[in-house]
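>>> The sequence isn't on hand, but the structure is:
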């Protein structure tokens, strides 16, 4: 038996164990939405190292001058290095774990991206989670020089004139049948 066949057998057994204890695992993994700021960790060594690798690409990184380009590099890092995966259970990963495994679901990747943007100097960076029926979408945004830089891991980077314009583009408007909240390492806010 070669190594790939052996690895597949191990993975099959691990998946069987996980699925058998899925409810127990998810119950222990529960995290109240108001606790989401604990997941954004810009001061984590791994996050700080990736952010330093980004800032080192500039002769002398200055947030005021270079942040939009640095944000694009952080997006490219998450998009190119962190493999998108979907686990069969609800499991919260910290950015350090996402970096370690170089894999995570869309939520894990959005939290890592937000952590990187804060580490790059944007204290205003936040993750927005929008839930409509069973559909969830995630956008990471930063307020910068009077405008908003919004990053959707599926569709890329765009600019908006304001946070309100971004929310409207996401269908987060008064009277809409949607649940939405935003958070970073310092705050959590229900927005719909």
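Received, thanks. For clarity, every value in this text was computed on a predicted model and none was experimentally measured.
>>> contacts, neighbours, all on C-alpha from now
Will do.
>>> ranges for the helices of the chain?
With DSSP state H as the criterion, the chain has helices at 3-20, 22-28, 45-55, 63-81, 95-101, 106-119, 163-169.
>>> Generate JSON lines for those, with distance to residue 34 and mean neighbour count as supplementary columns.
Listed next are the helices of the chain as JSON lines, based on distance: least, CA to CA, whole Å; neighbours: other CA atoms under 10 Å:
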{"stretch": "helix 3-20", "distance to residue 34": "27", "mean neighbour count": "12"}
{"stretch": "helix 22-28", "distance to residue 34": "17", "mean neighbour count": "13"}
{"stretch": "helix 45-55", "distance to residue 34": "22", "mean neighbour count": "18"}
{"stretch": "helix 63-81", "distance to residue 34": "25", "mean neighbour count": "17"}
{"stretch": "helix 95-101", "distance to residue 34": "18", "mean neighbour count": "17"}
{"stretch": "helix 106-119", "distance to residue 34": "15", "mean neighbour count": "27"}
{"stretch": "helix 163-169", "distance to residue 34": "20", "mean neighbour count": "15"}
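>>> For residue 84, give its distance to residue 106.
Note on residue 84: its distance to residue 106, by CA to CA, to the nearest Å, is 7 Å.
>>> Likewise for residue 152?
Counting by CA to CA, the gap from residue 152 to residue 106 is 10 Å.
>>> And residue 83, by the same measure?
On the measure of CA to CA, residue 83 and residue 106 end up 10 Å apart.
>>> Report how many residues lie close to the closest residue to residue 139 other than its chain neighbours.
Closest residue to residue 139 apart from its sequence neighbours, by CA to CA, 6 or more residues apart in numbering: residue 152 at 4.8 Å. By other CA atoms under 10 Å, the residues close to residue 152 number 18.
>>> Which positions are bridged to residue 152 in the beta structure?
residue 156 (DSSP bridges).
>>> Please identify every residue contacting each of residue 152 and residue 106.
residue 138 (CA atoms under 8 Å, 6 or more residues apart in numbering).
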